[in-house]
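Undergrad: Starting from these lines, generate the structure:
(chains A and B)
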There are 2 protein chains.
Amino acid sequence: MPAIPEQGPASGGYTPTGRSTPTRNRERAEYDRAAVHAILDDDYLCHMGYVRDGAPVVLPTLYVRVDEHLYLHGSTGSRPLREAGGEGLPVCVTVTRVDGLVLARSAFHHSVNYRSVVAHGLARRVTDQDELTAALDALVDNVVPGRAADSRPADAKELAATAVLRLDLDEVSAKVRQGGPNDEPEDQSLPYWTGVLPVSRVYGTPEPAEDLAPGTPLPGYLSGR
Amino acid sequence: MPAIPEQGPASGGYTPTGRSTPTRNRERAEYDRAAVHAILDDDYLCHMGYVRDGAPVVLPTLYVRVDEHLYLHGSTGSRPLREAGGEGLPVCVTVTRVDGLVLARSAFHHSVNYRSVVAHGLARRVTDQDELTAALDALVDNVVPGRAADSRPADAKELAATAVLRLDLDEVSAKVRQGGPNDEPEDQSLPYWTGVLPVSRVYGTPEPAEDLAPGTPLPGYLSGR
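TA: Modelled structure (predicted):
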């Protein structure tokens, strides 16, 4: 039996609902599963919102997508994970990648090129040990592909101290803005430079820990980043 | 009269409250104003959470800090901005910068170096026209310093179509994780590479818009990025 519940193929799209339909820039909304997956798979940090005492709380955390699930990392001591033990914690998980700063001639048409995904649903704590182990491996590999197999796996005590939430992808939408500025025709003769400043995330030279044994080779999965 | 309300100097710290005190890694929490400001001033994208029909919603948006206020960008058509017209919308605004991937010898001690700020409070729509104009300039300049003065300012119609929320910084905390991995002493002899992979945001070569007049010089504020 697979540790992570199997689902059907990721074909077709998510069904739009009231809250997964944006009120503005609706033409940028996207419900195609492959498009949503591509955005989710290009990042590892999300912002998870939940409601506590009637007020919103937004926390950054690591995540990974596996099939139609998001696994969210936490510690057993954290509030949302404690609260997700029962019937599930209503959450909104948002992932945003910024790709460019869009400089129009008018201040008004300045914009940002981005890809974002917003997922609503009930997050539940993963209690099955096989699913938990598989989810933790996936979380590590989503940050540094290949790393899970090249580190010491969690022992029973560590597993007990690690909490993972699962959010099934169901009420999900993506939004994408790309391309150049959309200036008004009458602004075209204005003398300001206009275009896009690309933004990307880059990785620097790996910095060995102080106690790394001399001669320990840099793993292949790091040399290529 | 200044367009943006003046406040006292940013000295001292924010007063911790129940919800601005983390339940885990409490030693990473920081309430010093200068430390909070430094993190906020190093980014322009936040994730704003609010409650709609009892459920959390988290949306990415642009922001800027001015003194002890956060200004959040939106459009008049968007839900949270409509809802912030009256007595204010309870929000949680979170800003997260990732600085490094921390690779420990054990999967359990893998971590991320980051700087984050979480601000709770009531967001109110900015209605004063001078404050709105100043906030929009600040929003543009926070993304590309120097750009506000080098673009066409918003006209009356555009101002009316732009909504800005203000959140006063009061219930605020920062969290910072930095440094190398914290492996268990008994793991020190394991053969895995261990250290930190630095992460940063970089800007690429500016891409002129298709209709940019030939010969338009690249502004100085872009050539240095």
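
Undergrad: What's the end-to-end length of stretch A:41-50?
TA: Using C-alpha to C-alpha, to the nearest Å, the end-to-end distance of stretch A:41-50 comes to 23 Å.

Undergrad: quick one: that stretch to chain centroid distance?
TA: Centroid separation between stretch A:41-50 and its chain, computed with C-alpha atoms, centre = their mean, to the nearest Å, is 3 Å.

Undergrad: How about that stretch and chain B, touching?
TA: Yes: using C-beta under 8 Å from any C-beta of the partner chain, stretch A:41-50 comes into contact with chain B via A:45, A:47-50. From N, CA and C alone the C-beta is placed, and that goes for glycine too.

Undergrad: Let me know the closest of those residues to residue B:121.
TA: residue A:49 (15.3 Å; C-beta to C-beta).

Undergrad: part of a strand, is that closest one?
TA: Yes: under DSSP: H, G, I helix; E, B strand; the rest coil, residue A:49 falls within a strand.

Undergrad: For the spatially closest residue to residue A:184 that is not a sequence neighbour, which residues are in contact?
TA: Closest residue to residue A:184 apart from its sequence neighbours, by C-beta to C-beta, 6 or more residues apart in numbering or on different chains: residue A:106 at 6.6 Å. Shown in contact with residue A:106 (C-beta atoms under 8 Å, 6 or more residues apart in numbering or on different chains): A:183-184, A:187, A:190, B:151-152, B:154, B:158.

Undergrad: Quickly run through the sheet partners of the helix or strand hosting residue A:163, with directions.
TA: Following DSSP states H and E, one finds residue A:163 within strand A:162-168. If you go by DSSP bridges, strand A:162-168 pairs up with strand A:69-75 (antiparallel), strand A:111-125 (antiparallel).

Undergrad: Quick check: what element follows the longest one along the chain?
TA: Spelled out, it's strand A:111-125. Next along from strand A:111-125, by DSSP H and E: helix A:129-143.

Undergrad: Check the residue of chain A positioned farthest from its centre and give its pLDDT.
TA: Centroid-distance maximum for chain A: residue A:189 at 40.6 Å, with C-alpha atoms, centre = their mean. Looking at residue A:189, its pLDDT stands at 94.

Undergrad: and stretch A:138-155, how far out from the chain's middle?
TA: Per C-alpha atoms, centre = their mean, the centroid offset for stretch A:138-155 relative to its chain is 17 Å.

Undergrad: err, stretch A:164-184, not the other one
TA: Distance, stretch centre to chain centre, for stretch A:164-184: 11 Å (C-alpha atoms, centre = their mean).

Undergrad: buried ones in it?
TA: A:164-169, A:171-177, A:180-181, A:183 (16 or more other C-beta atoms under 10 Å in any protein chain shown).

Undergrad: Only C-alpha atoms, please: export that stretch in CSV.
TA: C-alpha atoms of stretch A:164-184 as CSV (Å, rounded to 0.1, in the frame of the first residue of the first chain):
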residue,chain,number,x,y,z
VAL,A,164,2.7,17.6,9.1
LEU,A,165,-0.6,18.9,7.9
ARG,A,166,-2.3,17.6,4.7
LEU,A,167,-4.5,19.8,2.6
ASP,A,168,-6.3,18.1,-0.3
LEU,A,169,-6.2,20.2,-3.5
ASP,A,170,-9.9,20.8,-4.3
GLU,A,171,-10.8,24.5,-4.1
VAL,A,172,-7.8,25.9,-5.8
SER,A,173,-7.0,28.6,-8.3
ALA,A,174,-3.9,30.2,-9.8
LYS,A,175,-3.3,33.7,-11.0
VAL,A,176,-0.6,34.7,-13.4
ARG,A,177,0.5,38.1,-14.7
GLN,A,178,3.1,38.1,-17.3
GLY,A,179,4.3,40.3,-20.2
GLY,A,180,5.1,44.0,-20.5
PRO,A,181,3.4,47.1,-19.3
ASN,A,182,-0.1,48.1,-20.4
ASP,A,183,0.2,51.8,-20.7
GLU,A,184,-2.6,54.0,-22.0
